[in-house]
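**Student:** Fold the stuff below for me.
(one chain, ligands or ions: 1)
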Amino acid sequence: MMGLMQQQPLLISRLIDFAARFHGDTEIVSRRVEGDRHRTTWAQVQRRSMRLARGLDAWGLQRGDRVGTLAWNGYRHLELYYGVSGSGRVLHTVNPRLHSDQIAWIINHAGDKALAFDMTFAPIIRSIAASCPQVAHWVALCDEGALPADLVQAVPGLLSYEAWLDGQGDAAYAWPILDENEASSLCYTSGTTGNPKGVLYSHRSTLLHAAAGALPDVMCLAAADSVLPVVPMFHVNAWGSPYAAAMVGCKLVMPGPALDGASLFELMDDEGVTLSAGVPTVWLGLLASMREHGRRPSALQRVLIGGSAAPPAMIEAFQKDFDVEVRHAWGMTELSPLGTSAAFKFKHAQMDAAQRLQVQTAQGRALFGVDLRVVDARGAELPWDGRSVGELEVRGPWVLSDYYESGLPNPLHDGWFPTGDVVSIDADGYMRIVDRSKDVIKSGGEWISSIDIENVAMAHPAVAMAACVAVPHPKWDERPLLVVVRKPGAEVQARELLAFYEGKVAKWWIPDDVMFVESIPLGATGKILKTRLREQLLGPAAG
Ligand code: ADP
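**Tutor:** Purely as a prediction, here's the structure:
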């Protein structure tokens, strides 16, 4: 017997309609590339995203056509999120930190018909416009008067976003009723694991993921929150936060291009930010700024840390020094991206601080909807004993079923997506990453976790950033080398740092040497780029 409930497809347009109707005057604050701070509301975002949709209709763009963006976190990008997907087109967020050849390749592979970009990225557009012939419409996210003449010359037909929107009028727009399984947005993996591959999200996967991400054990989002996503809207939809924010109707604060600690502190402080989300490298900057001020931003309660492992020292600094709760989460582009979060269970309340920290340093347990398993090299499932280590596989309604026109064999293994992460799962279901399979160090036939080695170094007061890579060794095959950036003015030598490992890890895990460098290369999503680091240290073949 079928249930007798209404059938309503889960559509992105419903999110913006909900936010506008029930939270219409709640603010969206953006630090713009123009340098000022801009204020709008959910109601205004809805109005302008409807204009935008009308503009796309006028261009004759069809359902499923891709519209690319090269843009920071800001209200115009948010309008594109809702106007493009809401009207049945596919929002293709392009990562501007990639090399311009790769950007052009991605835009062409996606077949973008239109591309909207922040003025910061005008130089990229200038260099790629001629190699992207299928892009029929180029839109600069600025006022008409701000269009530089040489750019207009270089990019024929270039429009100013504001002039284009102004031309669309304000008549009500009826969002199309789509099949909830239609594509809504497209994001390419950043290529740290090979050629970029397209992950094509659907309306349904996006809404289910947003609802799961808003839950108390993940972002714990409510209408009373003010959320600042540091994680960019150009990579995995800012972890779904622009959708989750509309779903709960909270205030959204967008940092634009100013992602340094001081700028983030100021914006959080002024805008009553209660929750923020980003990768560990971003938090290094914010923590430094918090130390300078001797306090946290006034209303900050929680930070979501993911994308790379959150070092225990970072979790402690937030929680012990500043009373800001840390949520450590794991995910990847192929999972929309959220998969696990290291929130406590009821029984953890009894534990002492050290044990609780241990729980939080895990990548966490599955969100409802995502299933996890660990398999050995032959694909056989391993027990959840916290010790058996193998590859993590996942499945669920917001996990990809295939890459977008990759020409590669389907990646699934028995219906599960193999993540390339080497992990264990304990009896409570908490997953702990040992490494990415390509970063793991194999010494004498045993694995050394580069993440664990880095975590110890990050707890040393003189260390600003640490990366551990494998170097070839005649006897052990590979041995760990620690690469360190010292904190400004701090002094520490290799011997002292290596002594710091005594008693903290197995003796044979202690790196053979430490190399001090001025900087460590970061990839397009702010993570340490180990391929480049290995190339720099060991030559091109090692990348
Ligand atoms: P790429 O870097 O290839 O673009 P993603 O940005 O999707 O891919 O990153 C996914 C990967 O990032 C995961 O497979 C995992 O290796 C790593 N990662 C994400 N969150 C964490 C975390 N909390 N701890 C350790 N590694 C993480």
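**Student:** what's the domain layout of this structure?
**Tutor:** As recorded under automatic domain parsing, the domains making up the chain are 12-246, 441-542.
**Student:** Tell me where the stretch 351-500 of the chain has strands.
**Tutor:** 365-366, 371-375, 390-395, 417-425, 431-436, 441-443, 446-448, 463-473, 477-486 (DSSP state E, counting those that start in this stretch).
**Student:** So the third one, near the ligand or not?
**Tutor:** This means strand 390-395. No: using Cβ under 6 Å from any ligand atom, strand 390-395 stays clear of the ligand, coming no nearer than 8.2 Å. Every residue, glycine included, has its C-beta placed from N, CA and C.
**Student:** Run through the neighbouring helices and strands of that strand.
**Tutor:** The contact analysis (3 or more Cβ pairs under 8 Å, 6 or more residues apart in numbering; DSSP states H and E) places strand 390-395 against strand 371-375, strand 417-425.
**Student:** follow-up on the earlier one: mind putting the strands of the stretch 351-500 of the chain in TSV, mean neighbour count and mean pLDDT included?
**Tutor:** Below are those laid out as TSV (neighbours: other Cβ atoms under 10 Å; pLDDT from 0 to 100):
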stretch	mean neighbour count	mean pLDDT
strand 365-366	20	98
strand 371-375	18	98
strand 390-395	22	97
strand 417-425	21	95
strand 431-436	21	91
strand 441-443	19	86
strand 446-448	17	82
strand 463-473	20	92
strand 477-486	20	93
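**Student:** hmm, back to that, residue 163 is nearest to which of the helices and strands packed on strand 390-395?
**Tutor:** Residue 163 lies closest, by Cβ to Cβ, to one member of those: strand 417-425, at 43.5 Å.
**Student:** relative to strand 431-436, how tilted is the closest one?
**Tutor:** Here strand 417-425 points in a direction 110 degrees away from that of strand 431-436 (axes from the mean of the first three to the mean of the last three Cα atoms, to 10 degrees).
**Student:** Give me whichever of the domains of the chain is most buried.
**Tutor:** Ranked by mean neighbour count, those are led by domain 12-246 with a mean of 20 (mean count of other Cβ atoms under 10 Å).
**Student:** pLDDT of that domain, averaged?
**Tutor:** Per-residue pLDDT over domain 12-246 has a mean of 96.
**Student:** returning to what we had before: can the domains of the chain go into a markdown table with extra columns for distance to residue 423?
**Tutor:** Output for the domains of the chain, formatted as a markdown table (distance: least, Cβ to Cβ, whole Å):
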| stretch | distance to residue 423 |
| --- | --- |
| domain 12-246 | 16 |
| domain 441-542 | 10 |
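**Student:** Can you tell me what sits against the longest helix along the chain?
**Tutor:** Secondary structure assigned by DSSP state H gives helix 42-59 as the longest helix of the chain. For helix 42-59, contacts defined as Cβ atoms under 8 Å, 6 or more residues apart in numbering pick out 16-17, 19-20, 23-26, 28, 67, 75, 78-84, 86-87, 89, 113-114, 136-137, 164-165, 167-173, 175, 246, 249.
**Student:** what do you get for stretch 130-138?
**Tutor:** So stretch 130-138 is contacted by 59, 68, 104, 107-108, 111-115, 117, 125, 129, 155, 157-159 (Cβ under 8 Å, 6+ apart).
**Student:** among those, which are in reach of the ligand?
**Tutor:** Residues of the contacts of stretch 130-138 in contact with the ligand (Cβ under 6 Å from any ligand atom): none.
**Student:** Filter those down to just the ones in helices.
**Tutor:** Going by DSSP H, the helices hold 59, 104, 107-108, 125 from the contacts of stretch 130-138.
**Student:** List just the nearest of these to the ligand.
**Tutor:** Each of those was checked against the ligand using Cβ to the nearest ligand atom; the closest is residue 107, at 17.3 Å.
**Student:** wait, that closest one sits on residue 128?
**Tutor:** Yes: using Cβ atoms under 8 Å, residue 107 is in contact with residue 128, at 7.1 Å.
**Student:** So which residues of the stretch 151-300 of the chain form strands?
**Tutor:** In the stretch 151-300 of the chain, strands defined by DSSP E, counting those that start in this stretch lie at 159-160, 183-188, 198-202, 226-229, 251-254, 275-278, listed in chain order.
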